[in-house]
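1. Below are the sequence and a predicted model for it; my questions follow.
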Amino acid sequence: MFDYTTIQLIWWGLVAVLLIGFALTDGFDMGAGTLMPFLGKTDTERRVVTNVLGPHWDGNQVWFILAGGALFAAWPMVYAAAFSGLYIPLLLVLFALILRPGAFEYRSKVDDTRWRSSWDWLLFVGSALPALLFGVAMGNLFLGLPFYLDEDLRPFYEGGFFELLHPFALLAGITSLSLLAMHGGTYLQMRTEGALRRRAVGASRLMAGVMLVAFGAAGAWLAAGMEGFRILQMPEVTDTIQPLQKSVASVEGAWLDNYERAPLTMLAPLAGFLGAVGVLLFSGAGRGIAAFGASTLAVLGVLLTAGVSLFPFIMPSSIDPVSSLTIWDATSSHRTLSVMLIATLIFMPIILLYTFWAFRAMRGRVTEEQVEENSHAMY
């Protein structure tokens, strides 16, 4: 079908598509869930938010499951090293995501203020914590994770949980949280009305401002000479290449190499900035659909910026750069990638068509009158 190098690049792109799909779909309901306790001043308004998100949150989360499965199948060494060293933060994400189904399904089962308020704050935790930790994890990839591979290619992690809370990683977490909160706010602009929509406009603009500052600060940090990783020598890519066969150095400014080699990649960070500026402008003008489109552009730009900067590294090592895992030496075999590609080409269009149909079928604004009239049939 394709030679090994080409199919490795294809799978890098496919995993990126799955992560972008997760950020664009589950990202807006995590963002809206983060904002919900602050935007909804009454129980009815909070029910409006849960009814906007309720029909889609579980389908959106499928993208996360697909991305995890693709990571395991395409880059098994990365999966093993990440789950060995990042067990605590990954469990925190898992426990937080578990809170969300309960918040959607059980909130309206009991007509009690304390019961519903408790679920609202659990939805906040289940939405904000993953959004923050995903950014912290991405920030730590730029810093490098403290792991190494022994001669049998077994990963050994030598760091602790609190070491992950480096200032740059926290800055990346703030970027991620504000980005998704902005995305959720623009989605609520399209799907709500009245006072709730006006608050969503204000929250979207506030989060867009925070995201611009945090994203710009992270870029300035990288440009100011933060050490990155650079491959000095790599053997010919074959089915038998191993991570320890390459030569890697930690060099100041190395994360900017790809932008120098391919100047067109500067469009990625530019899209991130322009998207956030678009949210500020379109939200202020009351154009909800355009604001959501601009937010979508910002999400794409931020994720592509991270991908372009790190390429071809997937999981760099801060204590032994040679152990860093890349798309060339941490992938499955040629046959495995080829078989998975065929399956993906069959099922991915089905998933996309179903997602499009679901959003089209549930389009339109959710009003307070609707949720009051259907107090037992809706979320």
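-> Received the coordinates, thanks.

2. in the protein, which segments are predicted with low confidence?
-> With pLDDT under 70 as the threshold, the chain has low-confidence stretches at 1, 238-240, 375-379.

3. Would you map the helices across it?
-> 4-39, 43-53, 57-74, 76-85, 87-106, 113-143, 167-191, 194-223, 257-261, 267-284, 288-310, 334-361, 368-373 (DSSP state H).

4. on contacts alone, who are the packing partners of the longest one?
-> Under the contact criterion of 3 or more CB pairs under 8 Å, 6 or more residues apart in numbering; DSSP states H and E, the helices and strands touching helix 4-39 comprise helix 43-53, helix 57-74, helix 113-143, helix 167-191, helix 194-223, helix 288-310, helix 334-361. In short, each C-beta sits where N, CA and C put it, glycine included.

5. out of these, nearest to Leu280?
-> Relative to Leu280, the nearest member of the helices and strands packed on helix 4-39 by CB to CB is helix 194-223, separated by 5.0 Å.

6. could the helices and strands packed on helix 4-39 go into TSV alongside distance to Leu97 and mean neighbour count?
-> Rendered in TSV, the data for those read as follows (distance: least, CB to CB, whole Å; neighbours: other CB atoms under 10 Å):
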stretch	distance to Leu97	mean neighbour count
helix 43-53	14	23
helix 57-74	7	18
helix 113-143	6	20
helix 167-191	14	26
helix 194-223	21	20
helix 288-310	19	22
helix 334-361	19	13
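
7. Pretty sure Thr44 sits against Glu372.
-> Yes. If you go by CB atoms under 8 Å, Thr44 and Glu372 touch, sitting 6.2 Å apart.

8. Please name the nearest non-neighbouring residue to Gly59.
-> Computed as CB to CB, 6 or more residues apart in numbering, the closest residue to Gly59 that is not its neighbour in sequence is Ala358, at 5.9 Å.

9. Contact partners for that neighbour?
-> With contact taken as CB atoms under 8 Å, 6 or more residues apart in numbering, Ala358 is in contact with Pro55, His56, Gly59.

10. do you know which of the helices and strands packed on helix 4-39 lies nearest Leu19?
-> Shortest separation from Leu19 across those is recorded for helix 57-74, at 5.2 Å, computed as CB to CB.

11. For the closest one, which helices and strands make contact with it?
-> helix 4-39, helix 76-85, helix 87-106, helix 334-361.

12. what angle do it and helix 43-53 make?
-> Helix 57-74 and helix 43-53 are oriented at 40 degrees to each other (axes from the mean of the first three to the mean of the last three CA atoms, to 10 degrees).

13. Output helix 57-74 as PDB, restricted to C-alpha atoms.
-> These are the backbone C-alpha positions of helix 57-74, laid out as PDB (Å, rounded to 0.1, in the frame of the first residue of the first chain):
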ATOM      1  CA  TRP A  57     -21.300  14.700  25.400                       C
ATOM      2  CA  ASP A  58     -21.100  10.900  25.200                       C
ATOM      3  CA  GLY A  59     -20.800  10.800  21.400                       C
ATOM      4  CA  ASN A  60     -18.100  13.500  21.600                       C
ATOM      5  CA  GLN A  61     -16.100  11.500  24.100                       C
ATOM      6  CA  VAL A  62     -15.800   8.700  21.500                       C
ATOM      7  CA  TRP A  63     -13.100  10.800  19.900                       C
ATOM      8  CA  PHE A  64     -11.100  10.500  23.100                       C
ATOM      9  CA  ILE A  65     -11.500   6.700  23.200                       C
ATOM     10  CA  LEU A  66     -10.500   6.400  19.500                       C
ATOM     11  CA  ALA A  67      -7.400   8.600  20.100                       C
ATOM     12  CA  GLY A  68      -6.400   6.400  23.000                       C
ATOM     13  CA  GLY A  69      -6.900   3.200  21.000                       C
ATOM     14  CA  ALA A  70      -5.000   4.600  18.100                       C
ATOM     15  CA  LEU A  71      -2.200   5.600  20.400                       C
ATOM     16  CA  PHE A  72      -2.000   2.100  21.800                       C
ATOM     17  CA  ALA A  73      -2.100   0.400  18.300                       C
ATOM     18  CA  ALA A  74       0.200   2.800  16.400                       C
END
